[in-house]
Each structure stands twice: as C-alpha cells, then as structure tokens.
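Peer 1: sequence plus the predicted model coming up.
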Amino acid sequence: MLGTSPDRPPAADFLRLAAHPLRWELLSALARSDRQVHELTALTGRPQNLVSYHLGQLRSAELVSARRSSADARDAYYTADLDRLGALLAAAGRALHPGLRLAPVPAVPGPAAGSAAARVLFLCTGNSSRSQIAEALARNRSGGSIEAHSAGSRPRPLHPCAVRVMAGRGISLAGHRPKHLDEFAGQHFDYVITVCDKVREICPEFPGQPETVHWSVPDPAAASDAAAAGCPAFERTAADLDTRIRFLVTALTSPVP
C-alpha cells in the first residue's frame, strides 16, 4: 500500500513504486489496453513469475486491478486505474513544489482544421449495451474528433437499461440498432476496441492495421443486479466506459510530444 512509511509522504512512495523499470513498463502497457499476464511477459521479455510479482505490487498499491476473463475464467485481465495514477502524479508534483501542479486538460474543441476525425469501432458480443454505450459516449464526449461505430458478433436487440442509463446522461440512443461486425468488413479504422473478452477471441482483422485495444468490461446483462431497479449494473458499465473514453479522447486530441 502507498503511504505506509512514516518517513515519506504517499507521493514519494508512489514515485518509488512506479519508477521501477519493469513496473513502469507494465503501467505503460496497461495504460493503453487491458492485458493478460502472458501478453505482458511477451511485451516486456521478462519471465512470468517476475511479471506476476510486480503486478502484485501494483495491485497492492491499487494502481492496477484484475478480473477473470469472461471468455476463459482461467485467465485474468489487468487494468490500470488511470484516474488514480493521475491523482498520484498530481500529488507528487504538489509535494515537491506548488508550481509543479499539473495543468488541467483543456476542453476538446473537436478535430483540428484540415484533419479528419479518428474512426473508432467498438465491438462486443451482442451489440446491445457495452459497445452501444461506448459508441454513444465517444461521439458525445469527443466534440467531433471521433467518428464512432459499434457492432457485435451475435447481435441482440438494444437493452432497455442501456437506453435508460444513457438517457440519464443526456445522451439518446434513438436510431441505434444492433449491427453484425460483418457490416464493417473491409472498412478502415484507426482504432478497433473490443469491450468484451469473448469477442476479443474472434475479432477479425481490418485493413490498414488499426491499433487494437481491449477493455475488459463485464456484461451488465449477466450481473446479479442486472434486473434491479435503476439498472445499477448498466450504470457501472456506463461509468467505466465514460472514464476510459475520456482518456481515449485526450490521447487522440493531444499533440504528440
């Protein structure tokens, strides 16, 4: 855990933890996409026992979380908590000097003049909730910098709870329909983002070598409280996707250093 040393502030403990070369590599990889251990061993070139040890350190500090894959429960996906990382980085700057406060991210103005919007395809199994929510949020939050689409491997009717929770965010899903991923075969995308562990296993290749990203988001329709009043499972899904898309929009609209 961070902040357990009486001699150092939590920010110093965070810097010490994150600055380890392998842990920094792991955080960098997980900041872009959720990953399984075997993928992280391949990316870092380190043995599995070492990667697992350092993932454990990051989990203990609540910088990384893990959940069982819905495609194969023997595997787990690891996710970086970008909000917590950002808060700790900001705290580290303030701890050193007030002038080192992080500047707030400016509002997204939309695509720069003369540049095309990034084409992003969100995929899940049913295209009934997760990918539809992601598509709608990406369009709404990006100010036109993302041209978002969604599809599924086995499309099902739009879930009424998905419609409800998005309406609660002021976003209408009117006109949205379930689509099979075959409708987008042969189309070029900048990003293909799977929001379902099962569809990731069968995701087809798209022309132009788009960047592929995985977000391991549980199916809200399969949650124990899926039918509860207020659609709490779908609220959690929308909140998770809203956070992820906020960081995606920032990455796509920030100038490359």
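Peer 2: Cool, got the structure. Residues are numbered from 1 along each chain as shown.

Peer 1: all strands of the stretch 1-150 of the chain, in order?
Peer 2: With DSSP state E, counting those that start in this stretch as the criterion, the stretch 1-150 of the chain has strands at 64-68, 76-80, 118-124, 146-152.

Peer 1: to Cys196, which of the ones you listed lies closest?
Peer 2: Nearest to Cys196, of all the strands of the stretch 1-150 of the chain, is strand 118-124, at 3.7 Å by CB to CB. Heads up, the C-betas are built off the backbone N, CA and C, glycines and all.

Peer 1: mind listing residues that contact the closest one?
Peer 2: Applying CB atoms under 8 Å, 6 or more residues apart in numbering, the contact partners of strand 118-124 are 130-131, 134-135, 138, 145-153, 181, 184, 187-196, 199, 203, 206, 210, 217, 219, 248, 252.

Peer 1: select only the buried ones of the residues you listed in PyMOL?
Peer 2: A single PyMOL command selects the buried members of the contacts of strand 118-124 (16 or more other CB atoms under 10 Å):
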select buried, resi 130+131+134+135+138+145+146+147+148+149+150+151+152+153+181+184+189+190+191+192+193+194+195+196+199+203+206+210+217+219+248+252
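
Peer 1: taking the contacts of strand 118-124 one by one, which sit in helices?
Peer 2: Under the assignment DSSP state H, the contacts of strand 118-124 contribute 130-131, 134-135, 138, 199, 248, 252 to helices.

Peer 1: I'd say Phe189 and Gly208 touch.
Peer 2: Yes - if you go by CB atoms under 8 Å, Phe189 and Gly208 touch, sitting 7.3 Å apart.

Peer 1: what's the most distant pair in the ones in helices among the contacts of strand 118-124?
Peer 2: Val199 and Leu252 (22.2 Å).

Peer 1: got a list of what Leu85 touches?
Peer 2: 18, 27, 31, 63.

Peer 1: Thr41 now?
Peer 2: With contact taken as CB under 8 Å, 6+ apart, Thr41 is in contact with 47-48, 51.

Peer 1: equivalent analysis for Val199, please.
Peer 2: By CB under 8 Å, 6+ apart, the contact set of Val199 is 123-125, 152-153, 181.

Peer 1: show me which of the contacts of Leu85 are buried.
Peer 2: Buried among the contacts of Leu85 by 16+ other CB under 10 Å: 18, 27, 63.

Peer 1: how far away is the last one from Arg84?
Peer 2: Read that as Leu63. To Arg84, Leu63 is 6 Å away according to CB to CB, to the nearest Å.

Peer 1: and the closest residue to Gly93 other than its chain neighbours, how far from Leu89?
Peer 2: In this structure, Gly93 finds its nearest non-sequential neighbour in Leu100, 3.6 Å apart by CB to CB, 6 or more residues apart in numbering. Distance, Leu100 to Leu89, by CB to CB: 10 Å.

Peer 1: more neighbours: which of those two?
Peer 2: Each of Leu100 and Leu89 has its neighbours counted (other CB atoms under 10 Å); Leu89 has more, 15 against 11.

Peer 1: contacting residues for the more buried one?
Peer 2: Taking CB under 8 Å, 6+ apart, one finds 14, 102 in contact with Leu89.

Peer 1: what about it, distance to Leu102?
Peer 2: Leu89 is 7 Å from Leu102, where distance means CB to CB.

Peer 1: and for Leu43?
Peer 2: On the measure of CB to CB, Leu43 and Leu102 end up 27 Å apart.

Peer 1: where does the closest residue in space to Asp81 that isn't next to it in sequence fall, phi/psi-wise?
Peer 2: Nearest non-adjacent residue to Asp81, counting by CB to CB, 6+ apart: Leu63, 5.9 Å away. Leu63 adopts backbone torsions of phi -90, psi -20, taken as degrees, to the nearest 10.

Peer 1: pretty sure Ser33 contacts Arg200?
Peer 2: No - under the criterion of CB under 8 Å, Ser33 is not in contact with Arg200, lying 10.2 Å apart.
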